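**Q** Quick one: sequence and predicted model below, then my questions.
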Amino acid sequence: MEGIMFYIISIITVGGGLGVLLSKNPYRAAMWMIFSFFGIAGLFVMLHAQFNAMLQIIVYAGAIAVMIMLVMMIMDRRMLESLERFNPQAYWPALIGLALLADLSFLAYKFKINMSNVGKNLTINGSNTQMIGEILFKHYLLPFEVTAIILLVALIGAVVLTKKDIS
Amino acid sequence: MEVLIAIIKLIIVVTVLSVYVMYATWYERKVIGHMQQRIGPKRVGWHGLLQPIADTLKSFWKEDVIPDKADKPLFWLAPALAATFPFAAAIAIPFAPPLHLAGGKVFYFSVFHSKIDILYILGMMGLASFGVLIAGVASGGSKYSFTGSQREAAQVVSYEAVLALALLNPILMAHSLNLEKIVEAQRHLWFVFYQPFAFVAFVIAMIAATARVPFDLPEAEPELVAGHMTEFSGLKMGLFFFGQYVMIFVVSALASIVFLGGWTGPVLPGLVWYWIKILAFIFMYTWFWGTFPRYRYDQLMDIAWKALLPLMVLNILWTGFALAVGLPVL
């Protein structure tokens, strides 16, 4: 049962990712991306990490994807249509991707992944909101705050760099 | 067995909500009619009670027009998503207080119950806007639809943040994301008395999140024809309304659970209190519709980012401080 669920969810995740790459229309690509996020949220649920799953949906599918759609809507329509899908240097990332794939399949072959454990939660039994909060705010408070400040700096930097005074 | 019960619950919830949507339109037309010194629907059935059924039948037989330049798959997807996600949010809303059976079992009157109900509802509410967003994109370059969707995108991003921040205060006070636990925490005094600012911010944000007057910019009739729904006809357009009305029910129920104590209250039984509160919020929507003029787009953004968001951040800081030192929060 878990195995079947896992395969369905992984098909959703990987299929969504392929959809992002293969669709020409940027809006359709955004929809495929949300589909893929759903798959990832499903994987979190299978690991009993419901809190992370819901954050995945709220933050990524709900906020960031809407943001991406908004930016595409504000961009000039002709510019959006004239965008090239691949630039001339597309070979190198493709090579890196191939190398990564080869690496992962080699690892899978070497460590002989046990296919009967597919979809089973072998690590932690039940993660909950309170536990995440305690770990983040008791043990890792300083790194957490530093991350927040880094994000804020990036945000303000983007505003400063792109701001133009409208005359 | 559990799966069977869940399926039966799901069918009941979808049926009840569909009937609710039909009669919500009747109720709204009737109330708005009386507010404007008219009488509203009167001819079909007693006091127009059969009018919603006539409207539904009519929308089934209408010709389904699809623009030539429309993006066909997305054009089909948009109304489907617009109706699906509000229903998905509604399945986590309890329709009645939980029933404590013999043997320590609890029967929940919501299809889906988990420890993170609020997050689930928020997530589905965020996704519900995608129906509207795709509607504008799929309409094949119709300027009205496109502008409507653009507004919806900006509005959703701003007000989802306010909605979540306003909800955070009661969550902090109840120490739980579970709707039952939150109601339980309000046994003695409702959270609206502890958190009046959060409640006001939540009400403003929930009206904006459902895109109703005075924040109905995505479909502002005087400027945009019908906004994102301009190119849709018949049943497809009906599905957008479906989504919107179910969404109104979801946020009303959420507001009454989180701020007004759900099914707690003196004298009357819990079920009655709960539905009085929900119906009061639904009436509030209609009342605002009959009262307020529409805000301008930049005013809408100013309210969210310059007033509500900083206020809510301050409110959370204060709530956290007060809870930490053991003050009664106000």
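**A** That came in fine, so what should we check first?

**Q** Any residues of the stretch 1-150 of chain B in contact with chain A? List them.
**A** B:71, B:73-74, B:77, B:114-116, B:119-120, B:122-127, B:129-130, B:133-134, B:136-137, B:141, B:146, B:149-150 (CB under 8 Å from any CB of the partner chain). For the C-beta atoms, the positions are set from N, CA and C on the backbone; glycine is no exception.

**Q** Mind checking which of the residues you listed are buried?
**A** Listed as buried from the residues of the stretch 1-150 of chain B next to chain A are B:71, B:74, B:77, B:115-116, B:119-120, B:122-127, B:129-130, B:133-134, B:136-137, B:146, B:149-150; burial here means 16 or more other CB atoms under 10 Å in any protein chain shown.

**Q** what's stretch A:15-24 in contact with?
**A** A:28-29, A:31-39, A:85 (CB atoms under 8 Å, 6 or more residues apart in numbering or on different chains).

**Q** For chain A, what is the nearest residue in the stretch 51-200 of chain B?
**A** Distances between the stretch 51-200 of chain B and chain A by CB to the nearest CB are smallest at residue B:126, namely 2.6 Å.

**Q** In contact with that residue, which residues are there?
**A** With the criterion set at CB under 8 Å, 6+ apart, residue B:126 makes contact with A:57-58, A:61-63, A:66, B:156, B:160.

**Q** In helices only, show me the residues of the stretch 1-150 of chain B next to chain A.
**A** Under the assignment DSSP state H, those contribute B:73-74, B:77, B:119-120, B:122-127, B:129-130, B:133-134, B:136-137, B:146, B:149-150 to helices.

**Q** and stretch A:135-147, is it in reach of chain B?
**A** No. Between stretch A:135-147 and chain B, judged by CB under 8 Å from any CB, nothing touches; the nearest distance is 11.0 Å.

**Q** Stretch A:154-167 now?
**A** No. Stretch A:154-167 is not in contact with chain B by CB under 8 Å from any CB; minimum separation 13.0 Å.

**Q** Please identify the buried residues of that stretch?
**A** Result for stretch A:154-167 [16+ other CB under 10 Å]: no buried residues.

**Q** So for it, mean pLDDT?
**A** In this model, stretch A:154-167 has a mean pLDDT of 83.

**Q** So what's the gap between it and the chain middle?
**A** Relative to the centre of its chain, stretch A:154-167 is centred 27 Å away, using CA atoms, centre = their mean, to the nearest Å.

**Q** cool, stretch B:35-42 as well?
**A** On CA atoms, centre = their mean, the centre of stretch B:35-42 falls 25 Å from that of its chain.

**Q** likewise stretch B:23-38?
**A** 19 Å.

**Q** For that stretch, give me every contacting residue.
**A** Residues contacting stretch B:23-38 (CB under 8 Å, 6+ apart): B:39-41, B:47-49, B:51-52, B:55, B:241, B:245, B:248-249, B:282-283, B:285-287, B:289-290.

**Q** Show me which residues of chain A sit near chain B.
**A** Within chain A, the residues that sit near chain B (CB under 8 Å from any CB) are A:25, A:27-28, A:31, A:34, A:50-51, A:54-55, A:57-58, A:61-63, A:65-67, A:69-70, A:73-74, A:77, A:128-129.

**Q** Counting only strands, which of those make the cut?
**A** Using DSSP state E, no member of the residues of chain A next to chain B sits in strands.

**Q** which residue packs closest to residue B:124, ignoring adjacent ones?
**A** Nearest residue to residue B:124 in three dimensions, chain neighbours excluded: residue B:89, at 3.7 Å (CB to CB, 6 or more residues apart in numbering or on different chains).

**Q** Need phi/psi at that neighbour.
**A** phi -70, psi -40 (degrees, to the nearest 10).

**Q** what residues are up against it?
**A** B:120-121, B:124-125, B:128, B:246-247, B:250.

**Q** give me the element the residue nearest the centre of chain A is part of.
**A** Centroid-nearest residue in chain A, with CA atoms, centre = their mean: residue A:37, separated by 6.4 Å. In this assignment (DSSP states H and E), residue A:37 forms part of helix A:26-46.

**Q** now that helix and helix B:117-138, what's the angle there?
**A** Using axes from the mean of the first three to the mean of the last three CA atoms, to 10 degrees, the inter-axis angle of helix A:26-46 relative to helix B:117-138 is 160 degrees.

**Q** can you count the residues close to residue 108?
**A** Answering for chain A, as no chain was given. 10 (other CB atoms under 10 Å in any protein chain shown).

**Q** could you do chain B instead?
**A** The number of residues near residue B:108, taken as other CB under 10 Å, comes to 17.

**Q** now swap in residue B:31 and tell me
**A** 18.

**Q** swap in residue A:129?
**A** With other CB under 10 Å as criterion, residue A:129 counts 20.

**Q** Is it in contact with residue B:175, as I believe?
**A** No. The criterion here is CB atoms under 8 Å, and residue A:129 misses it with residue B:175 at 9.9 Å.

**Q** Report the spatially nearest residue to the residue of chain A found nearest chain B, omitting neighbours in sequence.
**A** Nearest residue of chain A to chain B, counting by CB to the nearest CB: residue A:62, 2.6 Å away. In this structure, residue A:62 finds its nearest non-sequential neighbour in residue B:126, 2.6 Å apart by CB to CB, 6+ apart.

**Q** Go through the lowest-mean-pLDDT helix or strand in chain A and flag the buried ones.
**A** Least confident helix or strand of chain A, by mean pLDDT, DSSP states H and E, is helix A:77-82 with a mean of 72. Neighbour-count burial for helix A:77-82, counted by 16+ other CB under 10 Å, picks out no residue.

**Q** Report all helices and strands that it contacts.
**A** Of the remaining helices and strands, none touches helix A:77-82 by 3 or more CB pairs under 8 Å, 6 or more residues apart in numbering or on different chains; DSSP states H and E.

**Q** Now do it: distance to the chain's middle.
**A** On CA atoms, centre = their mean, the centre of helix A:77-82 falls 26 Å from that of its chain.

**Q** got the contact list for that helix?
**A** Residues contacting helix A:77-82 (CB under 8 Å, 6+ apart): A:26, A:72, B:141.
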